[in-house]
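Undergrad: Predicted model and sequence below, questions to follow.
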Amino acid sequence: MYELNLCHLYPDLLNLYGDRGNIIALQKRAEWRGIKVTVTNLSLGESFIPENYDIVFLGGGQDYEQEIIQEDLLKEKGNEIKNAIENSKVFLCICGGYQLLGKYYKTWEGKEIEFLGALDLWTIGGQKRMIGNMVFECDFLKTEACDGKIVGFENHSGRTYLGTGVKPLGRMLKGNGNNGEDKLEGAIYKNVYCSYSHGSLLPKNPAFTDFLLTLSLKQKYKDFVSLLHLNDDLENLAHNSMVERLL
C-alpha cells in the first residue's frame, strides 16, 4: 500500500481563512483511494527533517505572525527547507507562506524585512488591500477532463514580483493575483507551488489536489502510475458554479 507523510509547518501561526482545509483535502483524497496519510505538525523550536516528509505545507498569516516565526524559519529550519526545495520536495505555500520563501518583504513605509530567500521573488507592501474571489488559469493542469481553471479567494496587501527561474502558477482571469499589475498569480519553482488563494484552495479544485498527490507519489514510488478515479460531481459543481459566477 502506498503511504504519504505530510508536514504542516507552523499550523498554530499560519492558518488564515481555513488554510488547514488544504491538508484535509490532500489527506482525504488520498485516503479515499486507499493511500495511508500521516500528518505531522511542526512549529517553533521543532526540527524539520526533510527526508521524513513527502509534501510540505505552509499556510497564510498576517505580518504579526510572520514576524514571530521569522527567526525560527531563517535560523532553525531555513537550511533544511532550502535543501528540500532544491532536492525537488513537493511544497504548497499560501499567501504569507508564499511570501516567506522569497527574498524580502518591504513595507509601504520602506522597512525591509529579510525572508528565507529560497525562491527568487520579493514582496512590496501596499496601503490598499486586494480582496475578493479570484479565477486563474494553469496550463499544467489542462487535460481533456480539466480546463485548467482554479478558483479561490485573495486578501493581501503585499505585491509579489517574480525573479529569474521562477514561473507563475497561472494567469489571472478575475482578481488581482500577485500584484494587480502583470496579471500573474502565484509561483512555481521546481516542485514548489505558491498561491495567494485562500478559501481554502484545494477542496474547490480537486484537479490541483490530485496533481500534487500524483507528483509526490511519483517522487516516492517508482512503480506509481496514476490515481484511481473519484466521483467529483459535488466538488466540480462548487468549482464550476464559482467560475460561471465570476466570469
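TA: That came through fine.

Undergrad: Packing partners of the helix or strand bottoming out on mean pLDDT in the chain?
TA: Least confident helix or strand, the chain: helix 63-71 with a mean of 79, by mean pLDDT, DSSP states H and E. Contact here means 3 or more CB pairs under 8 Å, 6 or more residues apart in numbering; DSSP states H and E; on that basis helix 63-71 packs against helix 96-100, strand 112-114. Using the backbone N, CA and C atoms, a C-beta is placed for each residue, glycine as well.

Undergrad: how near is residue 9 to residue 221?
TA: Applying CB to CB, to the nearest Å, the value for residue 9 to residue 221 is 24 Å.

Undergrad: neighbour count winner among the two?
TA: Just comparing residue 9 and residue 221: by other CB atoms under 10 Å the higher neighbour count belongs to residue 9, 26 against 13.

Undergrad: tell me the contacts of the nearest residue to that one once chain neighbours are set aside?
TA: Spatial nearest neighbour of residue 9, chain neighbours left out: residue 58 (5.1 Å); criterion: CB to CB, 6 or more residues apart in numbering. Taking CB atoms under 8 Å, 6 or more residues apart in numbering, we find residue 58 in contact with 9-10, 14, 91-94, 96-98, 100-101.

Undergrad: Could I get the phi/psi values of residue 189?
TA: The phi/psi pair for residue 189 (degrees, to the nearest 10) reads phi -140, psi 120.

Undergrad: Then the one 4 residues further on?
TA: When read as degrees, to the nearest 10, the backbone of residue 193 gives phi -120, psi 120.

Undergrad: How is the closest residue to it other than its chain neighbours assigned, secondary-structure-wise?
TA: Closest residue to residue 193 apart from its sequence neighbours, by CB to CB, 6+ apart: residue 92 at 5.4 Å. Classification of residue 92 by DSSP: H, G, I helix; E, B strand; the rest coil places it in strand.

Undergrad: Residue 86 versus residue 92, what's the distance?
TA: From residue 92 to residue 86 the distance is 17 Å (CB to CB).

Undergrad: of these two, who's got more company?
TA: It is residue 92, of residue 92 and residue 86, that has more neighbours when counted by other CB under 10 Å, with 26 against 11.

Undergrad: who's the more buried one bridged to?
TA: For residue 92, the beta-bridge partners are residue 57, residue 193 (DSSP bridges).

Undergrad: you'd agree it is up against residue 55?
TA: Yes - the criterion here is CB atoms under 8 Å, and residue 92 meets it with residue 55 at 7.0 Å.

Undergrad: And residue 133, its phi and psi?
TA: phi -70, psi 150.

Undergrad: For beta bridges, what are the partners of it?
TA: Under the criterion used (DSSP bridges), residue 133 bridges to residue 153.

Undergrad: Spit out the contact partners of it.
TA: Counted by CB under 8 Å, 6+ apart, residue 133 has contacts 151-153, 174-175, 242, 245-246.

Undergrad: and if you look at residue 212?
TA: 26, 55, 90, 92, 193, 202.

Undergrad: Which one (most neighbours) among those?
TA: Of the contacts of residue 212, with other CB under 10 Å as the count, residue 202 tops at 29 neighbours.

Undergrad: Can you classify the residue lying farthest from the centre of the chain by secondary structure?
TA: Ranking residues of the chain by C-alpha distance from their mean position (CA atoms, centre = their mean) puts residue 109 at the top, at 27.7 Å. Recorded secondary structure, residue 109: coil (three-state DSSP).

Undergrad: Next, give phi and psi for it.
TA: phi -80, psi -10.

Undergrad: quick one on the thing from earlier: list buried residues within the contacts of residue 58.
TA: Neighbour counting by 16 or more other CB atoms under 10 Å classes 9-10, 14, 91-94, 96-98, 100-101 among the contacts of residue 58 as buried.

Undergrad: Great, nothing more from me.
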